[in-house]
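In: Mind folding the following:
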Amino acid sequence: MAHALPASFGRNSRFVSVGIPLIVALAIATYAFGRAGASIIVWWGVGLALGVILQRSRFCFAGAFRDLFLLRDGRLLRAAITGLLIATPGFTLLMARLVPDPSFGDLPSGAHILPVGLHLVVGGILFGIGMVVAGGCVSGTLFRIGEGYVGSLVALGGILAGLSLAAHSWNWWWQVHIGAMQALWFPRLIGYGWSIVLVIGVLALLYLAVLWWETRDAPDFPPMSSRPGAPAITFGEHLTAIQRRFLRQAWPYVVGGIALAILNIMSFTYDHALGVTGELSAWAERITGLFGMGAGTLIGTDQFDGCNLTLGDEGLLTATLALDLGLIVGSFGAAQASGEFRIRVPRHRSRYVQAIGGGVLMGYGAGIAIGCTIGAFFSAVPSLAVSGWVFAAALAVGAWIGTIVIRRLP
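Out: Okay, here's the model as predicted:
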C-alpha cells in the first residue's frame, strides 16, 4: 500500500534543489562584491533589500497611478504617500546636518534636487504613459524580471533604447532649455521649518483626497493579508510561521511603502538617496557604443546626484550596477521563497510591442527628466525639491493618458 508523502517533503525538496544553490550563489556574489570595495557591497545589500521589498509587497509606482484611474483603487498610491510622509522628516534631518543654513545657496550632496522646467513636464508625461502601457515603472520592470516575466525583459530593452535616444538628444535639451533652469529647493526659499510643514501638509491632504476618491460610491476592496494559520507550538512550527508570514504571504502595500522609505533614509544616510536609472543609462551607452553609435559627452550631467544620465568611466563593476543587479536577484530570491517564480511568456504578440513601446517612452522620459519614479519622485519629494512635485504632477497626467491608451488596446 502506497503511503502519501508528508506536505513538508515538497517544501524541503524545493529548498534543497533551489534554496541551497541560491544561497550559495548569493554568498559567492557577496564575496566578489565585497572584494571590489565597501561601497559596492553596501549597494549590493541595498539592492537585495529593495528587490525583496518590491516583490513581497507588489510595490510598483505604475500600479499606484494606474489603479487609481483605472479601478479607483488608491491603496497602492496611499502606501506610496505613507512612505513619503515617513521619508520626508528623515531626509530633512539629514539635509539640515549637511547644509545647516540653506540661505547660502549650497545643496545637500546625495539629495535629488533637479532643475525645474519644461523637461520635467515632458519627461514626466512620457514616463507616466510608458509605465502604464508597459505594465511597470523602471523599478517595477526590474523586480518583475526577477519573477520571470519575459514581457518585463522586453520592456527593459525598450527602456535602454529610450535612454539612448534621450542621451543623443540631451545636449540639445541642455543648450536650449535645461542649462538655463534652476534647481529649486524649498529650504532655500522658505527655510526648513516651513518646508517640512508645507510638504507634510500637502502629502496629508493628498492622502485624504485619494482616500475620498476611492471610497466615493466604490465597493470595499478585499483585505490583502490571508487568514493566519494555527498557533505555532514547536520551534520548527515557529520557523514555519515566520516563513509563511514574511516569505509566502504577500505584504500589505503600506508595509512596502514604509519599508521603502526606511531603506531610502538609510541609503541617503550612507551616501545618496535611491535611484535606479543611472546604471541603465550607462549600459545603454555601452551597448550603442559597440556599434559606433554612442552619444558621447553629455553636457552638464556631472552636476546631478543619483538617478541621472551621467555615463562616467568607472568601469563595469560599479555601485549602481550592484544596486540594480541586487534588485533583480533580491526579487528572484523572494519569488523563489514564496513559490511565485515561474517563466511567464505573454500570450499575445501585441504584448511585446506594448512592452517595447512603453519602455521606450519610459526611458526617454527618465532621460530628459533626469530620473525615474524612485529618483525623480520618491527621493525628490522628501529631498524637499520642487522638481519632485512637478515630476509627480506630470507623472499623474501621463498615467491618466496611459489608462486611456490601454483601454483601447486589443
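
In: Select the longest helix from this structure.
Out: If you go by DSSP state H, the chain has its longest helix at helix 186-215.

In: what residue lies at the spatial centre of this structure?
Out: Ser139 (3.6 Å; CA atoms, centre = their mean).

In: Please look at it and Cys372 and confirm they touch.
Out: Yes. Under the criterion of CB atoms under 8 Å, Ser139 makes contact with Cys372 at 7.0 Å. Bear in mind the C-beta positions are built from the backbone N, C-alpha and C, glycine included.

In: Between these two, which contacts overlap?
Out: Both Ser139 and Cys372 are in contact with Val276, where contact means CB atoms under 8 Å, 6 or more residues apart in numbering.

In: Count the neighbours of Thr301 for me.
Out: Neighbours of Thr301 under the rule other CB atoms under 10 Å: 20.

In: pretty sure it is touching Trp170, no?
Out: Yes. Counting by CB under 8 Å, Thr301 touches Trp170, with 7.4 Å between them.

In: Might you list the low-confidence residue ranges for the chain?
Out: Within the chain, the stretches with pLDDT under 70 are 1-22, 217-248, 305-315.

In: quick one, strands of it?
Out: Applying DSSP state E to the chain gives no strands.

In: can you pull the contacts of the closest residue to Phe65 other than its chain neighbours?
Out: If the residues on either side of it in the chain are set aside, Phe65 comes closest to Ala399, at 3.5 Å by CB to CB, 6 or more residues apart in numbering. Applying CB under 8 Å, 6+ apart to Ala399 gives the contacts Ala62, Phe65, Arg66, Leu68, Phe69, Gly128, Ile129, Met131, Val132.

In: what do you get for Gly34?
Out: Ile40, Ile41.

In: how many neighbours does Gly333 have?
Out: Here the number of neighbours of Gly333 (other CB under 10 Å) works out to 23.

In: Distance-wise, check it relative to Leu26.
Out: 7 Å (CB to CB, to the nearest Å).

In: burial count for the residue nearest to Leu317 when sequence neighbours are not counted?
Out: Nearest in space to Leu317, with sequence neighbours left out and distances taken as CB to CB, 6+ apart, is Ala36 at 5.4 Å. Number of residues near Ala36 (other CB under 10 Å) recorded here: 15.

In: cool, Ile196 as well?
Out: Ile196: 20 neighbours (other CB under 10 Å).

In: That one against Leu93, yeah?
Out: No. The criterion here is CB under 8 Å, and Ile196 misses it with Leu93 at 9.6 Å.

In: Next up, the contacts around the closest residue to Trp44 other than its chain neighbours.
Out: By the measure of CB to CB, 6+ apart, the closest residue to Trp44 outside its immediate chain neighbours is Ala322, 4.0 Å from it. Listed by CB under 8 Å, 6+ apart, the contact set of Ala322 reads Phe33, Ile40, Ile41, Trp43, Trp44, Gly47.

In: Next: Leu263.
Out: Neighbouring residues of Leu263 by CB under 8 Å, 6+ apart: Val46, Ala49, Leu50, Ile53, Leu274.

In: and the gap between the residue lying closest to Trp251 once chain neighbours are set aside and Gly191?
Out: Nearest residue to Trp251, sequence neighbours excluded (CB to CB, 6+ apart): Ser57, at 4.1 Å. Distance of Ser57 to Gly191, computed by CB to CB: 35 Å.

In: Can you give me every residue that contacts the residue nearest to the centre of the chain?
Out: Shown in contact with Ser139 (CB under 8 Å, 6+ apart): Leu50, Leu54, Cys60, Phe61, Val276, Leu327, Cys372, Thr373, Ile374.

In: In TSV: those, plus distance to Leu208 and neighbour count.
Out: Shown next, in TSV, are the contacts of Ser139 (distance: CB to CB, whole Å; neighbours: other CB atoms under 10 Å):
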residue	distance to Leu208	neighbour count
Leu50	29	30
Leu54	26	26
Cys60	23	25
Phe61	20	26
Val276	30	25
Leu327	32	27
Cys372	27	34
Thr373	22	30
Ile374	24	26
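
In: from the residues you listed, which is closest to Glu147?
Out: Glu147 lies nearest to Leu54 out of these, by CB to CB, at 10.0 Å.

In: wait, isn't the closest one in contact with Ile145?
Out: No. At 11.4 Å, Leu54 does not count as touching Ile145 under the criterion of CB under 8 Å.

In: so what's in contact with these two at the same time?
Out: The contact lists of Leu54 and Ile145 share Ser331, where a contact means CB under 8 Å, 6+ apart.

In: Report the contact partners of Leu120.
Out: Contact analysis of Leu120 by CB under 8 Å, 6+ apart lists Leu114, Ala369, Ala376, Ser387, Val390, Phe391, Ala394.
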